[in-house]
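# The sequence isn't on hand, but the structure is:
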């Protein structure tokens, strides 16, 4: 540790005191070149010393071959040395040392032995010489020269083949005994390669583009015929590529970008950076730049602020921040850039006037930037006027346009009117078209032949009558937007799988078309599991969903679970047959309605205990409307002569129809009693419970007058 510290102090004193004793520096290099390898990146001043025309660099180069190298350290040091113009000879040594170090590491070798240029292969020798040529003759930075040699294999292999034909390469380069490298031989070899490359008119642009992803060199000829790009300088490709690469665009994808927009080949890095800053000021996020430039490269060589001046000015006037333009650019740059040629401001005013808020306008522009290029007089304004004729309120207009902004681009004559006519042919009333559009804003985006008609035929195949299609579409027009194969068919097949008959599904859809909007996995299956868990199974479950399909849309955690708690509080045993009947009876009702019915029964004179008993024995009473329930109880008490306690003892009476059963039978029995035609006394509850056939055989048919009375009563009540 102390020895290293002393070396560091001596080395830094040279960096600070500069040039007083270069011999000391040379001594350090000879003594421990690894110290420099480990610290060469500490200061640029270190590298400047190495760039001096002295033998120090030679000693460093010789010392490198005695060190245990790692390839990354060597390549990093080589790159830094090149940045301060270290002599080419030293760079050649480092290049070769890096290649040899890599080979040594791959073969599992330990500390490397003394290496020389003798072992360099033909390709490595040419690669090093080619790299030196690019640095010394073409002026390329060493890093770029190394990348070209490394990442342009097609170019290098082509040179290799021509070099062999000209006898440029040898299998071995002679060395001087003791030193390992013959400066004169190396210099001659480099000169020979330089002359060869000059005579071959090597175009470094060709090699450079290969590193950027060029694969078909025939494309390059066309590009170079129209553009004369340079590698170096302010307008050079090296600087431009570095800026584009810093945005996150992979080098291997840059050729495709340059090919699509050749103006980028001569764009100065400063102008490119200015464009990037402008895009950021307009709200374009840096992470979105690669996708933006790929979609629309011209945004990098145009004055966006001047181009969009009118648009930006109007946006500022209506309170829309100019950064919104940047967000639009990320979605659809071509449409945004074309907005300067259209009536942008007038379109925004029309939208604001017809009911859209500023926030809704922004949403429309974000989701449908094509609005910027629509014709104001031939599309936007006529379409809005047509929609207003459908009697839409400003709020509904806002919902329709925000939900489906593409509607502003549709042809009224060729799109909207034919579809409205088709809906009317299915039974949709003209005055309901506007409401259908509000419910399903995208309806005009669906083809009559390819989308609407197949859905109608599908519904008919499940028993929906043609005359009911209009009613269904009025209630739930979104059906027209569903896929038959992926949406509608799986839902109906699932309902069939739980016992619902195909013939009844048509009636179910007609009664409650919104069930087709429910998810099998998220809605239907959980509801089935809930009811089965609480005793409603098999045919009863299928019957429940057939009679009350809206139950499928009830929330388990909200509506259904609260009803379950309510019924349990009345004394109904969970998961019992009674609970199953009760759930079936009240599944489609709200909790407030159930509680109101319960309270009404108490209000008219039944005790809480009596009400619980009625509900427990005859849970279907919960399905009755409050008005009918109270009317039925009043009739039993006032006309039949029951007491409240007798009503509570006969809960099934409350489930019978007052007009079609209780009143007609009660009148016949009362008339028979008045005529003393009853041979024995029959309990009223029994008279009500027997079937219609037995009632007629026993009480009506034996007496013609009774039969005439019963017939008149039935006719009066439409039985």
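Happy to help now that I have it. Predicted model only: the values in this text are computed from it and were never measured.

# ranges for the helices of the stretch 301-450 of the chain?
Counting by DSSP state H, counting those that start in this stretch, the stretch 301-450 of the chain has helices at residues 304-307, 309-317, 323-331, 333-338, 344-353, 358-367, 381-388, 394-403, 417-425, 433-439.

# With mean neighbour count, mean pLDDT and distance to residue 158 as extra columns, can I get the ones you listed in CSV?
Heads up, the C-betas are built off the backbone N, CA and C, glycines and all. Compiled in CSV, the helices of the stretch 301-450 of the chain are given as follows (neighbours: other C-beta atoms under 10 Å; pLDDT from 0 to 100; distance: least, C-beta to C-beta, whole Å):
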stretch, mean neighbour count, mean pLDDT, distance to residue 158
helix 304-307, 15, 68, 42
helix 309-317, 15, 69, 50
helix 323-331, 19, 69, 41
helix 333-338, 20, 68, 39
helix 344-353, 19, 83, 53
helix 358-367, 18, 85, 50
helix 381-388, 17, 93, 60
helix 394-403, 19, 93, 60
helix 417-425, 15, 95, 63
helix 433-439, 20, 95, 66
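
# what's the closest of those to residue 519?
helix 433-439 (18.7 Å; C-beta to C-beta).

# Ramachandran coordinates for the nearest residue to residue 590 once chain neighbours are set aside?
The shortest distance from residue 590 to any residue that is not its chain neighbour, by C-beta to C-beta, 6 or more residues apart in numbering, is 7.4 Å, and that residue is residue 559. Torsion angles at residue 559 (phi, psi; degrees, to the nearest 10) stand at phi -60, psi -50.

# what does stretch 429-446 rub up against?
Outside of stretch 429-446, the residues that reach it under the criterion C-beta atoms under 8 Å, 6 or more residues apart in numbering are 387, 390-392, 396, 399-400, 403-404, 406-407, 410, 415-416, 419-420, 423-424, 428, 452, 470, 473-474, 476-478, 480-481.

# now do 7 Å
With C-beta atoms under 7 Å, 6 or more residues apart in numbering as the test, stretch 429-446 has contacts from 390-392, 396, 399-400, 403-404, 406-407, 410, 415-416, 419-420, 423-424, 428, 452, 473-474, 477-478, 480-481.

# which residues touch the residue lying closest to residue 384 once chain neighbours are set aside?
Counting by C-beta to C-beta, 6+ apart, residue 384 lies nearest to residue 354, which is 5.2 Å off, once chain neighbours are set aside. By C-beta under 7 Å, 6+ apart, the contact set of residue 354 is 384, 394, 397.

# Can I get the residues you listed in JSON lines including distance to residue 359?
Output for the contacts of residue 354, formatted as JSON lines (distance: C-beta to C-beta, whole Å):
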{"residue": "384", "distance to residue 359": "18"}
{"residue": "394", "distance to residue 359": "15"}
{"residue": "397", "distance to residue 359": "15"}
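
# Closest to residue 240 out of those residues?
Proximity to residue 240 was ranked across the contacts of residue 354 by C-beta to C-beta; first place goes to residue 384, at 46.1 Å.

# What's the separation between the closest one and residue 366?
Residue 384 sits 19 Å away from residue 366, taking C-beta to C-beta, to the nearest Å as the criterion.

# for residue 498, same thing?
To residue 366, residue 498 is 43 Å away according to C-beta to C-beta.

# How about residue 447?
For residue 447, the distance to residue 366 under the criterion C-beta to C-beta works out to 26 Å.

# residues in contact with residue 350?
380-381, 384.

# can you do 8 Å?
Residue 350 sits in contact with 376, 380-381, 384, where contact means C-beta under 8 Å, 6+ apart.

# repeat for residue 669
For residue 669, the contacting residues are 678, 682, 684, 687, 699, by C-beta under 8 Å, 6+ apart.

# If any of those are buried, give me the ChimeraX selection for them.
To isolate the buried members of those in ChimeraX, using 16 or more other C-beta atoms under 10 Å:
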select :684,687,699
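
# Can you add pLDDT, secondary structure and distance to residue 586 and give the contacts of residue 669 back as CSV?
Formatted as CSV, these follow (pLDDT from 0 to 100; DSSP: H, G, I helix; E, B strand; the rest coil; distance: C-beta to C-beta, whole Å):
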residue, pLDDT, secondary structure, distance to residue 586
678, 79, coil, 38
682, 81, coil, 33
684, 86, helix, 27
687, 87, helix, 28
699, 86, helix, 34
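
# So which of the contacts of residue 669 is the closest to residue 643?
Ranking those by separation from residue 643, with C-beta to C-beta as the measure, puts residue 684 on top at 12.3 Å.

# how far away is that closest one from residue 154?
Counting by C-beta to C-beta, the separation of residue 684 from residue 154 is 104 Å.

# One more: residue 464?
With distances taken as C-beta to C-beta, residue 464 is found 66 Å from residue 154.

# any chance of the contacts of residue 350 in JSON lines, with distance to residue 272 too?
Output for the contacts of residue 350, formatted as JSON lines (distance: C-beta to C-beta, whole Å):
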{"residue": "376", "distance to residue 272": "35"}
{"residue": "380", "distance to residue 272": "36"}
{"residue": "381", "distance to residue 272": "41"}
{"residue": "384", "distance to residue 272": "42"}
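
# and residue 479, helix, strand or coil?
For residue 479, the secondary-structure state derived from DSSP: H, G, I helix; E, B strand; the rest coil is helix.

# ok, it - contacts?
When the contact criterion is C-beta under 8 Å, 6+ apart, the partners of residue 479 are 455, 459, 472-473, 488, 513, 516-517.

# Just put those in CSV and tack on secondary structure and pLDDT.
Formatted as CSV, these follow (DSSP: H, G, I helix; E, B strand; the rest coil; pLDDT from 0 to 100):
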residue, secondary structure, pLDDT
455, helix, 95
459, helix, 93
472, helix, 94
473, helix, 95
488, helix, 94
513, helix, 93
516, helix, 92
517, helix, 92
